[in-house]
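Chemist: mind looking at a prediction? Sequence and model below.
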Amino acid sequence: MAAKFTLPAAALVLASTSRTRQKMLQNAGLNFTAVAPNVDEIALRGSAKASAMPPLEIAVFLADMKARKVAQNNAISLNSRTRTTYVLGSDQLLVCDDEILAKPQTLEAAASQLALLSG
């Protein structure tokens with residue numbers, strides 16, 4: 001049986017509505033609230049890529065922006081609590097041959113990405 005962790009006198013906010021990320025935290029035995037970060041990931045990713053930021057740094061940048069946005073948008077409700085609140089932001093990128101692959105929007109785009117990834 002996996003150990004369950006608790007954050008003493010703290011609250012955890014997940015800056016994501018991803019069901020997969022939520023499931024990961026639930027499986028870890030963590031209590032949390034999921035909040036949509038409402039950031040323009042495409043624009044942020046594009047500006048980071050244009051500034052020649054490496055893919056790993058782009059993922060960290062996006063995760064940070066999501067957490068900051070949720071913290072800013074919820075500052076009143078988060079600060080009104082009597083306990084510490086942690087905001088967790090996360091992001092992932094798929095990179096092939098130094099190219100960041102976006103989430104495919106069509107079956108054709110998905111097939112094209114799979115072909116590229118297959119070599």
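Modeler: Received the coordinates, thanks. As the structure is a computational prediction, the values presented were derived from the model and not from experiment.
Chemist: show me where the chain has strands.
Modeler: 10-14, 33-34, 84-88, 94-96, 99-101 (DSSP state E).
Chemist: relative to Ala43, which of the ones you listed is closest?
Modeler: Distances from Ala43 to each of these were compared using C-beta to C-beta; the shortest belongs to strand 99-101, at 14.0 Å. The C-beta positions use only the backbone N, C-alpha and C, and glycine is treated the same way.
Chemist: flag every buried residue along stretch 14-25.
Modeler: Taking 16 or more other C-beta atoms under 10 Å as the basis for neighbour counts, the residues of stretch 14-25 that come out buried are 14-16, 21, 25.
Chemist: neighbours of Val70, how many?
Modeler: Other residues near Val70 number 25, with proximity taken as other C-beta atoms under 10 Å.
Chemist: just give the closest residue to it, not the sequence neighbours.
Modeler: Nearest in space to Val70, with sequence neighbours left out and distances taken as C-beta to C-beta, 6 or more residues apart in numbering, is Ala15 at 4.0 Å.
Chemist: any idea how far that neighbour lies from Ala48?
Modeler: In this structure, Ala15 lies at 17 Å from Ala48, with C-beta to C-beta, to the nearest Å as the measure.
Chemist: other residues contacting stretch 59-71?
Modeler: Residues from elsewhere that reach stretch 59-71, judged by C-beta atoms under 8 Å, 6 or more residues apart in numbering: 13, 15-16, 35, 37-39, 41, 44-45, 48, 53, 78, 87-93.
Chemist: nope, stretch 39-50 is what I was after
Modeler: Stretch 39-50 is contacted by residues 57-58, 61-62, 65-66, 69, 91, 100, 102 when judged by C-beta under 8 Å, 6+ apart.
Chemist: distance to Gly119 and neighbour count added to those, as TSV?
Modeler: Below are the contacts of stretch 39-50 laid out as TSV (distance: C-beta to C-beta, whole Å; neighbours: other C-beta atoms under 10 Å):
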residue	distance to Gly119	neighbour count
Glu57	26	12
Ile58	24	21
Phe61	29	17
Leu62	28	21
Met65	33	19
Lys66	33	25
Lys69	38	18
Asp91	26	21
Ile100	18	15
Ala102	20	12
